[in-house]
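In: fold the following and give me the result.
(one chain, ligands or ions: 2)
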Amino acid sequence: MYAQMRGRSLRDYEVAARERLDPAHYDYFAGGAGDEVTVRANEAAFGRLGLVPRVLRGAGKPQTGVTLLGSRAAAPVLVAPTAFHRLAHPEGERATARAAAATETIMIVSMGATVAIEDVAAAAPGAELWFQLYVQPDLAFTERIVRRAEAAGCAALVVTADSPVMGLRERDLRNGFHDLPEHLCCENLRDGARGDRVRPIVMWPELSWEHLEALRGMTQLPIVLKGVTHPADARLAIGHGISAIMVSNHGGRQLDGVPATIDLLPDVVAEVAGAVPVLLDGGVRRGTDVLKALALGAAAVAVGRPVVWGLAADGERGVAGVLGLLRAEVEHALTLCGCASVADLDPSMVRRPC
Ligand SMILES: Cc1cc2nc3c(=O)[nH]c(=O)nc-3n(C[C@H](O)[C@H](O)[C@H](O)COP(=O)(O)O)c2cc1C
Ligand SMILES: CC(C)CC(=O)C(=O)O
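Out: Numbers count the residues shown, from 1 in each chain. Ligands and ions are numbered 1, 2, ... in the order given. Next comes the predicted model:
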């Protein structure tokens, strides 16, 4: 059913995925909130930035590896948390995790995964897994999920802060897509304390810094705060013991009209002033996009939709193809920029507009 494919660029995987996916599922993965202004802005903003290479630095073949919160990665590109992988491929998150392990990539497993975190970890020994959490109003239930993530070997918790309610996704409304098909569910929402009933994911508008403090008290794992866009929130996050910040507008799926993350990054980086690593996601489609983000101060980036396209196009092999391409593009662009490693990138190498 899944003919072997080898994309030359991430775009090829999206084309192949679109051909294979049920149109309503393609729309769920591709779409965003409202007029999708932010979805488009994330990608377009990278196109407006130029890279100004350095020459004659004798840098040789560059190192692309990074260490983030103690986790090693072969490239500064993580798998962003995306829900419902079994809508894209029968193996779902198992296949994604195997590809992440094979390419030495950190995978942030979504709380909305269609494979339980224990089964994702078992399917991909050696994978560096982080766990994404929507803090649930029932804090005892939240704690049970945290314990499961810890027991499965996840090395960090990624708390999503940009979703006090679900974004208004008009493609899904038009398509009548609001639930997973019968045979699938969010396996991390099974509650052992309630006869393994699968609870719905609650988006919680009352979530506040005080609950992050409660979470901080529940676990020794580093906590990454995902969905920070305002520098003042980055400052507050540091004050609340957060270990890393992820500049993200949820791929344009929550509040439409939020600026492109690459345009928001410099102010957050300036506010954080090196206190914790700053990560970014949204619209990263090329190795050169990765370099732009790192030059502007990101420690690494994450990709959401491209991973889903790889999965839908060709399962584990497709995801490995996407992650391998990005790593190769990063290495190639670093060489062309005269960099021996990502540490050689600096803001003087980015010019706007292109
Ligand atoms: C289909 C899909 C599902 C997502 N599910 C989650 C999720 O469960 N938790 C979360 O924090 N973010 C989720 N996100 C947001 C991603 O983590 C990430 O912020 C975004 O996809 C980055 O933009 P990109 O797709 O342009 O790379 C999802 C995004 C997509 C496209
Ligand atoms: C609501 C989640 C299950 C998935 C999500 O965050 C998303 O679709 O953007």
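
In: quick check: residues of the chain near ligand 1?
Out: Counting by Cβ under 6 Å from any ligand atom, the residues of the chain close to ligand 1 are 29, 42, 80-83, 110, 112, 132, 160, 226, 248, 250-251, 253, 281-284, 303-305, 308. To be clear about C-beta, it is placed using only N, CA and C from the backbone, and glycine gets the same treatment.

In: who's in contact with the residue in the stretch 151-300 of the chain that ligand 2 sits nearest to?
Out: The minimum distance from the stretch 151-300 of the chain to ligand 2, using Cβ to the nearest ligand atom, falls at residue 253 (4.4 Å). Going by Cβ atoms under 8 Å, 6 or more residues apart in numbering, residue 253 touches 31-33, 39, 167, 169.

In: my guess is residue 4 contacts residue 315. True?
Out: No: if you go by Cβ atoms under 8 Å, residue 4 and residue 315 don't touch, sitting 9.8 Å apart.

In: and the two? Which one has more around it.
Out: Shown here are residue 4 and residue 315; by other Cβ atoms under 10 Å, residue 315 has more neighbours (23 against 10).

In: which secondary structure elements does the helix or strand harbouring that one contact?
Out: Assigned by DSSP states H and E, residue 315 belongs to helix 305-336. Applying 3 or more Cβ pairs under 8 Å, 6 or more residues apart in numbering; DSSP states H and E, one finds that helix 305-336 contacts helix 10-20, helix 23-30, strand 77-79, helix 92-102, helix 287-295.

In: recalculate using a threshold of 6 Å.
Out: Where contact means 3 or more Cβ pairs under 6 Å, 6 or more residues apart in numbering; DSSP states H and E, helix 305-336 is packed against helix 10-20, helix 92-102, helix 287-295.

In: of all the ones you listed, which one is nearest residue 196?
Out: Residue 196 lies closest to helix 92-102 among these, at 18.9 Å (Cβ to Cβ).

In: ok, and what's touching the closest one?
Out: Residues outside helix 92-102 that contact it (Cβ atoms under 6 Å, 6 or more residues apart in numbering) are 79, 85-86, 89, 107, 113-115, 120, 123-124, 126-127, 311, 315-316, 319-320.
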